[in-house]
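# need a structure here:
(2 chains)
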Amino acid sequence: MKVKWCAETALYALMASALLLSACGGGGGGGGGTSSNVSNTPPTLQSISVTPGNPTTALNARIQLMATGLYSDNSTMDITTSVTWGSGSTGVATVGAGTGLVTPVAGATAGQQTVITASSGVVSGSTSVTLSALPVFSIANCTTATSAGCEPLAFQQWGLLNTGQNGFADTAGVANAGGTLGTDINANAVYSTYGYTGWGVTVGVVDSGMEIAHEDLKANVVPGGSWNFINNTTDPTTTSTTEDHGTMVSGLIAMSKNGIGGMGVAPNAQLKGFNLLATGAWSLANEIASLGGSAASPNSTDVSIFNQSWGTTNAVDVPVDPTVEGQYAYGTSTLRGGKGALYVKSAGNGFGAYGVAYCGGATTIGISCQNANFDPDNTLPYNIVMGALNAKGVKSSYSTAGSALWAGTPGGEYGLNAAVAGAGFTAGAYDPAMVTTDISGCAAGFSQTNASGPTGSLFNQGGTNLGGINSNCNYTNIMNGTSSASPMMSGTIALVLEANPALTWREVKDILAKTTIQVDTARAGVTVALSDGSYVAEQPWITNAAGYKFHNWYGFGAVNASAAVNMAKSYVSGSLGTFANTGWIAGTLPATTTVPDNSVAGVSATFTVPAVGVSGTVEALQVQVTTSATGGYTGDLGIELVSPSGTKSILKNIKDGFNGNNLNGMVLASNAFYGENSAGTWTIKVVDGWAGSGIQTLTNVAIRVYGH
Amino acid sequence: MNLRLITLLVAFLALPASSQAADEPAAAALAARAAVLQTVARGATVTSNQQQYQVLAGARAVESQQQEQPQDAITRAGGGKLIETKGAFVVFAAGQRHAPVVASTNNATTYPTVINTRTGVVGVLPGTLKVKPKNMANAQAIAADHGLVLVRAFAHLQTAFYRVNVGQDVVAAAAALAADPRVASAEVEVIEHVRIPQ
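Numbering: from 1, shown residues only, chains lettered A, B, ... in the order given. Have a look, this model is predicted:
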């Protein structure tokens, strides 16, 4: 029986090794499973008790169980890690092998029970776990770092609830009166009404890395679920000492509600980190593997939302890679049990400057130098392209505009303190940025005490600044960019999917389009004088024929998490029908295709488009433009599209940052026609909005409409 | 994000009032880059993702190490003149013609480079190939027969990625694969526009 004893109570043997000198063949090479120097028969396991007895836990809260063995010598021992755990109802809750950690299953309901059993051989014990309703909470009372029931940094997280705080910067934002102004994502009503926190939703952070052991992330990190493409391990923690973009992004999505640090939009969402953007990690194969194309090393197929806070800074047109497009199509049609994963992507930070592009012309007239359409992945209907809003509820100064945008979420400005960064920046530099997780410790990251390290703010300097609120330098207050806007959207979608897991990816997009808030309503268009008249280089807000408001700076507007969740709860799945597209339809060019220089006349071509799908309702749209040139300069070109209903969308602005000689089938997308009927004649117009720089000739155009 | 953006902000503040006469990108750095590129020997033509490229036989790329300056990376790779950086890659004029192979020494691994013949954008050939086998079951065998390493296979995309070995001509490998009756298409992978956090 000694062999059996060894198998059942190996842990006991380890613990009791002071008495059992060479148990189970270890030690002096004896073998045979004897314990030669011990005369007593080892105690045998008599019973197991599982505690706490018959506990209750919330639908979104794990509970740790403990297994205690009672032995024949009346001794007891914690055998939690050595017993075999099982759940009687795995649709209610699961229990971790070797851990005893019970996790309620998404979709379970309050009042459901499951019997959790711990067994060792023929001996077992059990307890019944009952699920209780989601706890609601409010961050409205989080007014200081020590407010009861609040995360210490929540009182400065204006993106969740804007009360006019400054995010540890010098200047304050604008309070979101009643959740109607779009100066935050209006998340508090979701927490206080429903208690949704992203439970059961996995977000893949495809980025530079993720510090999976960070104190405010680790509870939400899927064990073994992340991937490091550099060393092929499941730990994508960066080795950089300057910053980890992915860790900052992750915090905005899912900083835990654990009484330390801050709180993500979805503080119970699960995180997987894929360090695709780490130095040396990117390849097309790794990108596909990160976006749901791989079931092992990494497994990205169980991700519900992919956060892509990245982009390209090309100043010439780049074709869509068909392999990447294929992966997005696969992910939206296959993942989440066929309901489709959500792909959230940053528009870019190139409104004023980007890459090597020349932005003087754009800056002069007040349009975006970079267009969201310049990144080919942004033109795909599968991506939800995000612009950034600041704490005053208008476009962040850097946020790239364009008709490919879907919506805007907080990304903030720069979060600086003049006392630290100096006083020479524009006023917006001292406006709030985002408070989020940073590389842990004061020797790395944005927050650090190294004299040569980046700081920019009192908060980032750690130490005793601001009452020592960031003394461990584990957080930063200067994260910004559409890099921040995307995770705010990813977190919002996690709340929506918790509210209604049956929603398809298109239904989520539909809800977001319908529930956004129109911001910056008085924003005027940009009109430029060309040689023969005035040209509208950027439009003000438009209202399309289906009633949707749209602006190239904001897409459909500022995200309203509360309204989105409310709509999600009553949304009737299937109402959008089957996703269809028209295929590429060639346009009809006029007799003269030379684009007049510096003229409002331009060249117009038409498309005859049938009804897409069954109803003809537009969900997304792309056009493809090819030009030839004699000494041409594509920064001159403005491209606009008018629907059969008369809605106009500007797909590319004149005087932007492009500097190529011609366009070679460049794809441009617009969401401005959402909900309209596709059937009829569409008109594309190409103008040359700058004198000189050669002559462009429009040689080919095509259109492809997606919808149902 | 961030301090990088702060740098951009500084650049923004420094911009002079623009005039129509200044509507072309005429940065000195771009001109210098163009001048160096003109001296670089050209090689074979390759096609990838509907774009046509010409091998820059006289230019190589090396990946910079963490916080390493571009010129230090070039020195580590044997020396040359900086053309541009592309993400972690430092593209440099190497002074002599090189076959389109991935080369490795104790100090550095260097990669072939190309130029987009339409746009003038420089790209790096990291030594991987995107291949569509007619039958995905043959993906491993095809790699082995061509002396390549199968990196990843995505059956749902009917696509496999192969990697050449050090010293193996990546352009020739693509051509050989394309001629293989078991292969529907094969092309070199070009890193032309780098994904960056934003």
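# could you pull out the helices for chain B?
Taking DSSP state H, the helices of chain B run over residues B:2-14, B:28-39, B:70-76, B:139-145, B:170-179.
# elements contacting the third one?
The criterion is 3 or more Cβ pairs under 8 Å, 6 or more residues apart in numbering or on different chains; DSSP states H and E, and the helices and strands that helix B:70-76 contacts are strand B:51-63, strand B:81-86, strand B:89-93. All C-beta atoms are positioned from the backbone trio N, CA, C, and that covers glycine.
# can you lay out the helices of chain B as a markdown table showing mean neighbour count and mean pLDDT?
Formatted as a markdown table, the helices of chain B follow (neighbours: other Cβ atoms under 10 Å in any protein chain shown; pLDDT from 0 to 100):
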| stretch | mean neighbour count | mean pLDDT |
| --- | --- | --- |
| helix B:2-14 | 17 | 36 |
| helix B:28-39 | 12 | 82 |
| helix B:70-76 | 18 | 96 |
| helix B:139-145 | 17 | 98 |
| helix B:170-179 | 19 | 98 |
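# for A:Thr114, which of those is the nearest?
helix B:139-145 (43.7 Å; Cβ to Cβ).
# does that closest one come close to chain A?
No - using Cβ under 8 Å from any Cβ of the partner chain, we find that helix B:139-145 stays clear of chain A, coming within 12.5 Å at best.
# CA atoms of that helix as PDB?
In PDB, the C-alpha atoms belonging to helix B:139-145 read as follows (Å, rounded to 0.1, in the frame of the first residue of the first chain):
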ATOM      1  CA  ALA B 139       2.700  22.200 -48.000                       C
ATOM      2  CA  GLN B 140       5.400  20.500 -45.900                       C
ATOM      3  CA  ALA B 141       6.600  18.300 -48.800                       C
ATOM      4  CA  ILE B 142       6.900  21.300 -51.100                       C
ATOM      5  CA  ALA B 143       9.000  23.200 -48.600                       C
ATOM      6  CA  ALA B 144      11.300  20.200 -48.100                       C
ATOM      7  CA  ASP B 145      11.700  19.700 -51.800                       C
END
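# which neighbouring elements make contact with it?
strand B:128-133, strand B:149-154, strand B:159-163.
# mean neighbour count and mean pLDDT added to the ones you listed, as a markdown table?
Below are the helices and strands packed on helix B:139-145 laid out as a markdown table (neighbours: other Cβ under 10 Å; pLDDT from 0 to 100):
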| stretch | mean neighbour count | mean pLDDT |
| --- | --- | --- |
| strand B:128-133 | 24 | 98 |
| strand B:149-154 | 18 | 98 |
| strand B:159-163 | 25 | 98 |
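# tabulate those (TSV), appending distance to chain A.
Putting those into TSV (distance: least, Cβ to the nearest Cβ, whole Å) gives the following:
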stretch	distance to chain A
strand B:128-133	6
strand B:149-154	4
strand B:159-163	4
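# of all those strands, which lies closest to A:Leu663?
Closest to A:Leu663 of the helices and strands packed on helix B:139-145 is strand B:128-133 (Cβ to Cβ; 24.5 Å).
# what does that closest one contact?
With contacts defined as Cβ atoms under 8 Å, 6 or more residues apart in numbering or on different chains, strand B:128-133 is touched by A:283-285, A:323, B:48, B:139, B:142, B:148, B:151, B:158-164, B:170, B:173-174, B:177, B:182-189.
# one more time with 6 Å
Applying Cβ atoms under 6 Å, 6 or more residues apart in numbering or on different chains, the contact partners of strand B:128-133 are B:139, B:142, B:158-163, B:174, B:177, B:183-189.
# now stretch B:32-46
By Cβ under 6 Å, 6+ apart, the residues outside stretch B:32-46 that reach it are B:53-59, B:81, B:83-84, B:93, B:97, B:171, B:188.
# pull the most distant pair out of the residues you listed.
B:Lys81 and B:Val188 (24.7 Å).
# between those two, which one's more packed in?
Each of B:Lys81 and B:Val188 has its neighbours counted (other Cβ atoms under 10 Å in any protein chain shown); B:Val188 has more, 27 against 15.
# please name the nearest non-neighbouring residue to the more buried one.
Closest residue to B:Val188 apart from its sequence neighbours, by Cβ to Cβ, 6 or more residues apart in numbering or on different chains: B:Ala174 at 4.9 Å.
# contacting residues around that neighbour?
B:Leu129, B:Ala186, B:Glu187, B:Val188.
# circling back: compare the helices and strands packed on helix B:70-76 and report which one is nearest to chain A.
Of all the helices and strands packed on helix B:70-76, it is strand B:51-63 that lies closest to chain A, at 5.8 Å by Cβ to the nearest Cβ.
# for the stretch 301-450 of chain A, what spans make up the strands?
For the stretch 301-450 of chain A, the strands defined by DSSP state E, counting those that start in this stretch cover A:305-308, A:310-311, A:342-346, A:383-389, A:405-410, A:434-437.
# who touches the shortest one?
Okay, so that is strand A:310-311. Strand A:310-311 is contacted by residues A:Leu277, A:Ser346, A:Gly348, A:Asp375, B:Arg195, B:Pro197, B:Gln198 when judged by Cβ under 6 Å, 6+ apart.
# check contacts around the last one.
It stands for B:Gln198. A:Gly311, A:Ser346, A:Gly348, A:Asn349, A:Gly481, A:Ser483.
# rewinding a little: which of the helices of chain B sits closest to A:Gly665?
Ranking these by distance to A:Gly665, with Cβ to Cβ as the measure, places helix B:170-179 first at 22.5 Å.
# excluding its backbone neighbours, what's nearest residue 108?
Reading this off chain A. A:Val92 (4.9 Å).
# the intended chain is chain B.
B:Ala77 (4.2 Å).
# now the phi/psi pair for the one you found, please.
The phi and psi values for B:Ala77, taken as degrees, to the nearest 10, are phi -90, psi 10.
# now A:Val508
Residue torsions, per degrees, to the nearest 10, at A:Val508 are phi -60, psi -50.
# walk me through the domains of the chain.
Picking chain A for this. Under the assignment automatic domain parsing, the domains of chain A span A:2-132, A:196-409+A:482-570, A:580-707.
# that's the wrong chain, I wanted chain B
If you go by automatic domain parsing, chain B breaks into B:28-122, B:128-188.
# ok, the residue most central in space within chain B - contacts?
Closest residue to the average C-alpha location of chain B: B:Val124 at 0.7 Å, with Cα atoms, centre = their mean. Contact analysis of B:Val124 by Cβ under 6 Å, 6+ apart lists B:Ala61, B:Phe89, B:Tyr111, B:Thr113, B:Ile191.
# A:Gly616 now?
Taking Cβ under 6 Å, 6+ apart as the criterion, A:Gly616 is in contact with A:Asn677, A:Ser678, A:Ala679.
# quick one: the helices in the stretch 101-250 of chain A?
Ranges of helices in the stretch 101-250 of chain A, per DSSP state H, counting those that start in this stretch, are A:188-193, A:245-254.
# follow-up on the earlier one: what's the farthest-apart pair in the contacts of B:Val124?
Largest pairwise distance in those, by Cβ to Cβ, is 9.7 Å, between B:Thr113 and B:Ile191.
# could you check which of the two is surrounded by more residues?
B:Thr113 (30 against 23).
# these two touch, right, the more buried one and B:Ala61?
Yes - using Cβ atoms under 6 Å, B:Thr113 is in contact with B:Ala61, at 5.2 Å.
# shared neighbours, these two?
With Cβ under 6 Å, 6+ apart, B:Thr113 and B:Ala61 have common neighbours B:Val91, B:Val124.
# isn't A:Leu458 right up against A:Leu416?
No - with contact defined as Cβ under 6 Å, A:Leu458 does not reach A:Leu416; the gap is 9.8 Å.
# looking at those two, which is more packed in?
Set A:Leu458 next to A:Leu416 and count neighbours by other Cβ under 10 Å: A:Leu416 wins out with 31 against 21.
# and that one, how far from chain B?
To chain B, A:Leu416 is 8 Å away according to Cβ to the nearest Cβ, to the nearest Å.
# surely that residue touches A:Ala429?
Yes - here A:Leu416 reaches A:Ala429: they are 5.0 Å apart, a contact under Cβ under 6 Å.
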